[in-house]
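Q: coords please:
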Amino acid sequence: MKTSLLSIAGAITLCASLAAPTPSQAANFQVTVKRSSVTQCSLTGSILNIDPVTGNVSIDLDSDFGCYPQTVNSLVNNASLSVIGPTTIGGGTTGAGSVNLTLNTGLSGVTPGVTCVPDGVNASNALVTGDWSTPLCSGNCGTAATRTVDVQNPSPVLDGSIVFKAKCTYQDQSIANLSSTRTNILSNQPVTVQHGTAPVVNYCSSVTELATPNGLTDGGRQLSGLISGGTLSGTRDFHEYTNVFGFRPGVVNAGDPDNQGFGFPGNNPTSVWFKDIQKNKYVSMKFRAPSSAAFNNAFGSFLGQPVAAYTLFALAPCPGQFSTDSNFPIASGCQGIAKSANLGFRVLATPFGNQCQLVPGKTYYFNIIQANDFNSLTTPSCSASSCGVIFNLTGGGPS
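A: Sure, this is the predicted structure:
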């Protein structure tokens, strides 16, 4: 900060009466600092250098405190950043929380030329998800500024910590090239950000994760196709179940942090016709069982009505899975076969007989393939390049 004030051309005038000492005779000398012809203060220095090329003057100072404007002195000596309220936050299911911060500038009141801004964080297992980038106060900062910042711990097992940093800049209102910045204003203590609940890996993303994939590969997955019937006719993306069967209202609990994939069993239940399931391909549409209490113990069923070919279908935790597997077991009631088959399911936290149990909040796939039996998935039952199948969905929970 000393250099920033004394090396700006035109900002100040140095007036001194001195004899240039030899290195062996170097001694302290007094320098009078003037700004706009008004004496500001006196400096005590030991070495004065004049750059022969630029003419800039630099001084090795012993003392210069009194030469800064009072605003700068206030920022340097008194500015602080405080955490107001709890210093342990986060936890729950998401590890998210909010930190309340107050920047005390040290100024006596509103001061023209002062701007204070966030200056990053020092963090471990903690991320800023809210606003810690826009100015805390701009151009006319007063005695204090406040900000609530959202943070989150991305680790499912380790607690984190975070320290906030801010800086304040003073710009002289009469001299454009006279400014100074107070950096490294740190929050007074670290905030502990507790981790959220570790996610349960209860599904897979590739048929190759099965212990017995029965000859199916990721390349054999049909990703889109033509649908008719109901309200969602046309070419549909087969990655997500709700792209075909729609979104059932009331499935997601209020405030649920992750809505993606919910919506099962949908609001497009009648005569949903997959018109072109390709030969030697399988369809896998991802969904999550409802977690809303309104769906607890809800029963529903899929009735498959193939047009020309035997069709296998299943509700399973892995794409391309049509029967139970040692890595991802399912009940026998979660699979259907034949030209007319009914697959019943129940949304329930604990098993219920041999019915297909869908655990609330768990991820599944609705899998479809045209083959004669579960042991011959790579032998197609469709003789054409593609065949169709119609599904009627009944029940499944509140409408």
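
Q: For residue 376, give its distance to residue 310.
A: Relative to residue 310, residue 376 is positioned 10 Å away (criterion: C-beta to C-beta, to the nearest Å). For glycine as for every other residue, the C-beta is placed from the backbone atoms N, C-alpha and C.

Q: If you count surrounding residues, which of the two has more?
A: A direct count of neighbours by other C-beta atoms under 10 Å for residue 376 and residue 310 places residue 310 higher, at 20 against 13.

Q: That one reaches residue 374, doesn't it?
A: No - in this structure residue 310 lies outside contact range of residue 374 using C-beta atoms under 8 Å: 11.3 Å.

Q: which residues are in contact with both of those two?
A: Taking C-beta atoms under 8 Å, 6 or more residues apart in numbering as the contact rule, the neighbours common to residue 310 and residue 374 are residue 337.

Q: ranges for the strands of the stretch 201-350 of the chain?
A: Using DSSP state E, counting those that start in this stretch, the strands of the stretch 201-350 of the chain run over 224-228, 234-237, 272-278, 282-288, 299-306, 312-316, 335-336, 341-347.

Q: Which among those is found nearest to residue 112?
A: Among the strands of the stretch 201-350 of the chain, strand 282-288 comes nearest to residue 112, with 55.8 Å by C-beta to C-beta.

Q: tell me the average confidence for the longest helix seen in the chain?
A: Ordering each helix of the chain by length in residues (DSSP state H) puts helix 70-78 first. Helix 70-78 shows an average pLDDT of 83 in the prediction.

Q: Please apply the same query to stretch 266-278.
A: Taken as a whole, stretch 266-278 has an average pLDDT of 89.

Q: With stretch 206-224 instead?
A: Rounded mean pLDDT across stretch 206-224 is 95.

Q: Show residues contacting that stretch.
A: Stretch 206-224 is contacted by residues 204, 235-239, 277-278, 280-284, 318-322, 325-328, 374-375, 377-378 when judged by C-beta under 8 Å, 6+ apart.

Q: Just the buried subset of those residues, written out for ChimeraX, thanks.
A: Typed into ChimeraX, the next command selects the buried ones out of these (criterion: 16 or more other C-beta atoms under 10 Å):
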select :204,236,238,277,278,280,281,282,283,284,318,319,320,321,322,325,328,377
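
Q: related to what we said a few turns ago, now find how far off-centre the longest helix of the chain is within its chain.
A: Computed by C-alpha atoms, centre = their mean, to the nearest Å, the separation of helix 70-78 from the middle of its chain amounts to 37 Å.

Q: Check which helices and strands that helix sits against.
A: In terms of contacts (3 or more C-beta pairs under 8 Å, 6 or more residues apart in numbering; DSSP states H and E), helix 70-78 is packed against strand 160-171, strand 179-186.

Q: ok and the helix or strand residue 147 falls within relative to strand 160-171, angle-wise?
A: For residue 147, the enclosing helix or strand under DSSP states H and E is strand 144-152. Using axes from the mean of the first three to the mean of the last three C-alpha atoms, to 10 degrees, the interaxial angle of strand 144-152 with respect to strand 160-171 works out to 150 degrees.

Q: tell me which residues in strand 144-152 are buried?
A: Judged by neighbour count (16+ other C-beta under 10 Å), strand 144-152 contains these buried residues: 144, 145, 147, 149, 151, 152.

Q: And for stretch 125-140?
A: Within stretch 125-140, the residues that count as buried by 16+ other C-beta under 10 Å are 125, 126, 127, 128, 132, 136, 137.
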